[in-house]
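# Next comes the sequence, and after it the predicted model I'd like to discuss.
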Amino acid sequence: MNNLDFPIKLVFNISSLHNDFSAHDANGRSVAYVKQKLFKLKEDISVFTDESQTTLSYTIKADRWIDFSAAYSIRNHEGAEIGKVARKGWRSIWKAEYLLIDPNERPQHKIQEENGWRKVLDGLLSEIPFLGLLTGYFFNPSYIVTNNDLKPVARLKKETSFWGHKFEITKLVETGQEDDERMMLGLMMMILLERRRG
């Protein structure tokens, strides 16, 4: 994922049995194809260069069975760990919150849902017949990425749609290439976990 041109569009494949999506940059260039393996007790994600799935670029794997406090190790195609994304336990029930951790085990960025009430209202209304189908048009969650100084760095926002399958990542300040890589992969993992909402 070099020389990314933001915004990045994430579009889920709603006709597939897999939980998978494609990522394209502002010029329409494919930057990743992300595929979650089915029937795994631990989350297991493959990130390819494009939809052909011929070149594996990264893997993301959970350190434990599905858990509120799981950490997901991000490794490049050579198997070297380039970072982790960790869910912030029970705090994520109210507002989704994740930490991006660098290869030296230092927290580098935080990903946090901007409006917790959207999560509550979406959860309540999605249980009502017919009305639940419309929540994707009204409750579109957005997530802000901040650095250790709490300065906003990037935003991921769900776009209006019935099936909740389109998202956009915009960059708010300039960051280094390694930071962009880790941030993109962390957001991709997070959205696989959070997209069932809205």
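Nice, I can see it. All values reported here derive from a predicted model rather than from experimental measurement.

# from here on, contacts and neighbour counts on C-alpha atoms
Will do.

# shaky segments in the chain?
Within the chain, the ranges that satisfy pLDDT under 70 run 16-17, 39-41, 64-69, 89-94, 116-139, 161-164, 196-198.

# what about 90?
Applying pLDDT under 90 to the chain flags the ranges 1-4, 12-19, 36-44, 62-71, 87-97, 113-142, 158-166, 175-179, 191-198.

# quick one: the strands in it?
Remark: strands assigned in the chain by DSSP state E are 8-12, 19-24, 30-36, 44-48, 56-62, 71-76, 81-87, 97-101, 107-113, 142-147, 152-158, 166-171.

# now those strands as a markdown table including mean neighbour count and distance to R195?
Converted to a markdown table, those look like this (neighbours: other Cα atoms under 10 Å; distance: least, Cα to Cα, whole Å):
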| stretch | mean neighbour count | distance to R195 |
| --- | --- | --- |
| strand 8-12 | 23 | 10 |
| strand 19-24 | 21 | 10 |
| strand 30-36 | 22 | 13 |
| strand 44-48 | 21 | 15 |
| strand 56-62 | 21 | 17 |
| strand 71-76 | 22 | 17 |
| strand 81-87 | 23 | 15 |
| strand 97-101 | 24 | 14 |
| strand 107-113 | 22 | 12 |
| strand 142-147 | 20 | 11 |
| strand 152-158 | 21 | 9 |
| strand 166-171 | 20 | 9 |
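
# Tell me which of those lies nearest to E178.
Evaluated over the strands of the chain, closeness to E178 peaks at strand 81-87, with 8.7 Å, by Cα to Cα.

# Kind regards, and thank you for your time.
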